[in-house]
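*Asks:* with the sequence up front, the predicted model follows.
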Amino acid sequence: MEMQVNQTLISLYKYALKIRMTEEEIASRYSENKMRCPTHLSIGQEGVAAAVGMALTKKDFAVSTHRSHAHYLGKGGDLKGLISELYGKETGCSGGMGGSMHLCDLSCGFVGSTAIVGNSIPIGVGLGLSIQLKKLDQVSCIFLGDGAIEEGVFYESLNFAVVRKLPVIFICENNMYSVYSSLRVRQPKGRKIFEMVEAIGANVLHGDGNDTYGVYEKVQESISRIKKGNGPEFLEFDTYRYREHCGPNFDNNIGYRTEEEYLEWKAKDPVLRLEYEIKQNGLSDLEVDSIKKETQTEINDAFVFAEKSEFPDYEESCLVEYK
Ligand SMILES: Cc1ncc(C[n+]2csc(CCOP(=O)(O)OP(=O)(O)O)c2C)c(N)n1
Ligand SMILES: [Mg+2]
């Protein structure tokens, strides 16, 4: 009997792999100095972005943070638009004037990302309010990190979303760090983020962010509860970034975290786990290799496109004229 191949698992793998390979390519070309914007990579954290992106529909809204390439691509954001944006070209998703931290693709509901930690949270809640007022069958998704929990605006926005029962899904990627500071020195000992949020009145879930299929199932269940009018949900997923906070390098040598911790997380790699799972599901090595080749071709094309594109018009890009 032919094995039933789980198409969802394959799609999750394709999304996660595309995010991983795109960011590996960015990292390997970064020193060419053609991408001149600060760049926060999600390598190691792809599972959540792939799963949430797949569980959302194109009509659903999403807003994100400084670390947003993965969220943008997971939601279906245009790859050429992303790479051109990093190159500062006019074909970039923000016209080449935003850079890595200001991504946007309205054609798939990715409303925007911003560099100010916590800044996009009230925007996502406002989008939720607009959905409720217009009685639309959509949700608004807010990606945030564990560091954004320390911003006052998080509490105001969450409180409002709870009181108004807004169709908002908060996705908190807990990678345990805010730049070089671990959670231990930033938040009270023993206090779990999701438990604290539950006390504020949202429905909460907590899970392994590197179990992509598990994240997908949790997000789907959550969205269906939100669409019944039950109010916002807050999902916290544990995960880990492999590289430095900002930039393409590794920085475990500078002392804020240990090589052992990094290796422990690497052993739980979300992309490799998906690859293992699809092979268990019946995909051959050859089929997996061809997915990788196709993905690399798409990425190479996007870089060629970006390099060939023009920079934005100087006059137009100078919004303020200094005399
Ligand atoms: C309001 C504000 N404060 C500080 C910063 C500097 N900053 C940029 S990213 C970052 C870390 C945020 O950590 P987290 O939310 O956990 O996201 P992660 O980088 O781990 O993905 C900080 C403090 C900022 N951009 N905005
Ligand atoms: Mg963090």
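*Replies:* Arrived safely, thanks for sending. Ligands and ions are numbered 1, 2, ... in the order given.
*Asks:* going forward, measure contacts between C-alpha atoms and count neighbours the same way
*Replies:* OK.
*Asks:* how about Leu235, phi and psi?
*Replies:* phi -110, psi 120 (degrees, to the nearest 10).
*Asks:* partners of it in the sheet?
*Replies:* Counting by DSSP bridges, Leu235 is bridged to Ile171, Leu205.
*Asks:* who does the residue lying closest to Gly77 once chain neighbours are set aside form a beta bridge with?
*Replies:* Distance criterion CA to CA, 6 or more residues apart in numbering; nearest residue to Gly77, sequence neighbours excluded, is Asp105 at 5.7 Å. Counting by DSSP bridges, Asp105 is bridged to Phe110.
*Asks:* isn't Asp105 up against Gly95?
*Replies:* No. Contact between Asp105 and Gly95 fails when scored by CA atoms under 8 Å: they sit 11.3 Å apart.
*Asks:* residues contacting the residue positioned nearest the centre of the chain?
*Replies:* Geometric centre of the chain, nearest residue: His71, 2.8 Å, by CA atoms, centre = their mean. His71 makes contacts with Ala49, Ala50, Gly53, Ser64, Phe143, as judged by CA atoms under 8 Å, 6 or more residues apart in numbering.
*Asks:* any idea which of these is the one closest to Thr114?
*Replies:* Closest approach to Thr114 among the contacts of His71 (CA to CA): Ser64, at 6.8 Å.
*Asks:* now for the closest residue in space to the closest one that isn't next to it in sequence: which residues touch it?
*Replies:* Distances taken as CA to CA, 6+ apart put Ser113 closest to Ser64, at 4.4 Å, once the chain neighbours are dropped. Neighbouring residues of Ser113 by CA under 8 Å, 6+ apart: Val63, Ser64, Thr65, His66, Ser68, Met101, His102, Leu103, Cys104, Ser120.
*Asks:* in stretch 97-116, what counts as buried?
*Replies:* Neighbour-count burial for stretch 97-116, counted by 16 or more other CA atoms under 10 Å, picks out 97-105, 108-115.
*Asks:* which residues touch the worst-scoring helix or strand of the chain on mean pLDDT?
*Replies:* Every helix and strand in the chain was compared by mean pLDDT, DSSP states H and E; the lowest is helix 314-317, with a mean of 73. Under the criterion CA under 8 Å, 6+ apart, residues Met97 lie in contact with helix 314-317.
*Asks:* about what we covered before: what about the residue nearest to Gly77, distance to ligand 1?
*Replies:* Distance of Asp105 to ligand 1, given as CA to the nearest ligand atom, to the nearest Å: 20 Å.
*Asks:* report pLDDT for that residue.
*Replies:* On the pLDDT scale, Asp105 is placed at 98.
*Asks:* now do the helices in the stretch 51-200 of the chain.
*Replies:* 69-74, 79-86, 120-133, 152-163, 193-200 (DSSP state H, counting those that start in this stretch).
*Asks:* looking at the ones you listed, which is closest to ligand 1?
*Replies:* Comparing those against ligand 1 with CA to the nearest ligand atom, the closest turns out to be helix 152-163 (9.8 Å).
*Asks:* need the helices of the stretch 51-200 of the chain in CSV (columns: distance to Glu217 and mean pLDDT).
*Replies:* Below are those laid out as CSV (distance: least, CA to CA, whole Å; pLDDT from 0 to 100):
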stretch, distance to Glu217, mean pLDDT
helix 69-74, 16, 98
helix 79-86, 26, 98
helix 120-133, 22, 98
helix 152-163, 23, 98
helix 193-200, 18, 98
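*Asks:* can I get the ones you listed in TSV with distance to ligand 2?
*Replies:* Putting the helices of the stretch 51-200 of the chain into TSV (distance: least, CA to the ion, whole Å) gives the following:
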stretch	distance to ligand 2
helix 69-74	15
helix 79-86	22
helix 120-133	15
helix 152-163	15
helix 193-200	12
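*Asks:* name the residues of the stretch 1-150 of the chain found near ligand 1, please.
*Replies:* Counting by CA under 6 Å from any ligand atom, the stretch 1-150 of the chain comes close to ligand 1 at Arg67, Ala115, Ile116, Val117, Leu144, Gly145, Asp146, Gly147, Ala148.
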